[in-house]
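**Student:** compute the structure for the input listed below.
(2 chains)
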Amino acid sequence: QKEVEQNSGPLSVPEGAIASLNCTYSDRGSQSFFWYRQYSGKSPELIMSIYSNGDKEDGRFTAQLNKASQYVSLLIRDSQPSDSATYLCAVKGLDEKLTFGTGTRLTIIP
Amino acid sequence: DAGVTQSPTHLIKTRGQQVTLRCSPISGHKSVSWYQQVLGQGPQFIFQYYEKEERGRGNFPDRFSARQFPNYSSELNVNALLLGDSALYLCASSAWGGTEAFFGQGTRLTVV
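**Tutor:** Sure, this is the predicted structure:
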């Protein structure tokens, strides 16, 4: 049974600070790793994908992957109130199926 | 470019009824997957179709079925609805080979 674990939060971060979201996964055969943002009542929106060890930056977002530790993280710099949402970590293996964590609820405090 | 489109957006059904949800993928994407998301949980995998063939099935009862059409659109059918089937049903569109999946706006199903 593949598992993806996230701290459900809520995580509260002051506006302008760095938000750090973490995720661990159980299947060592996992190939692709994704972060989705989901606003309340809406569908998940893809914000980052990462496929190899190391860091990947896109604007204010940085994804980090460590396959040896089976660990994925997302950093959000200069956090804005509009970043308040639930962040879902998702992992895809050779079966092409996405396995999601339960999500971390992030609140940016003005 | 149109994204993933799902219909309807909201639906209310009575226990025991049947429902059909529809999804049109992003142009050029040949893979469609269906997920169920209940409140407070991450999406759970139901089905995956690629090139009109079922490529994966999650841990859902046989009341759930799906198909993919020659134009790569897809339908999810749920028979004999239970109260516990109330959820947000999500369709994801992707190419194949570990690439990114993009979700439609979802169908909110309420079973009463």
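**Student:** C-alpha from now on. contacts and neighbour counts both.
**Tutor:** Noted.
**Student:** phi and psi next, for B:Leu83.
**Tutor:** Phi and psi for B:Leu83, reported as degrees, to the nearest 10, are phi -60, psi -40.
**Student:** pretty sure B:His29 sits in a helix.
**Tutor:** No - counting by DSSP: H, G, I helix; E, B strand; the rest coil, B:His29 falls outside a helix, being coil.
**Student:** ok and the residue in chain A nearest chain B?
**Tutor:** A:Thr102 (4.3 Å; C-alpha to the nearest C-alpha).
**Student:** so the nearest residue to that residue once chain neighbours are set aside: helix, strand or coil?
**Tutor:** Nearest residue to A:Thr102 in three dimensions, chain neighbours excluded: B:Gly42, at 4.3 Å (C-alpha to C-alpha, 6 or more residues apart in numbering or on different chains). Recorded secondary structure, B:Gly42: coil (three-state DSSP).
**Student:** then A:Ser82?
**Tutor:** helix.
**Student:** tell me how many other residues surround A:Ala19.
**Tutor:** 22 (other C-alpha atoms under 10 Å in any protein chain shown).
**Student:** isn't the residue nearest to A:Thr102 up against A:Leu98?
**Tutor:** No - using C-alpha atoms under 8 Å as the test, B:Gly42 is too far from A:Leu98 to be in contact (10.6 Å).
**Student:** mind telling me what element the residue lying closest to B:Tyr89 once chain neighbours are set aside is part of?
**Tutor:** The shortest distance from B:Tyr89 to any non-neighbouring residue, by C-alpha to C-alpha, 6+ apart, is to B:Gln36 (4.7 Å). Following DSSP states H and E, the helix or strand that holds B:Gln36 is strand B:31-37.
**Student:** cheers, nothing more for now.
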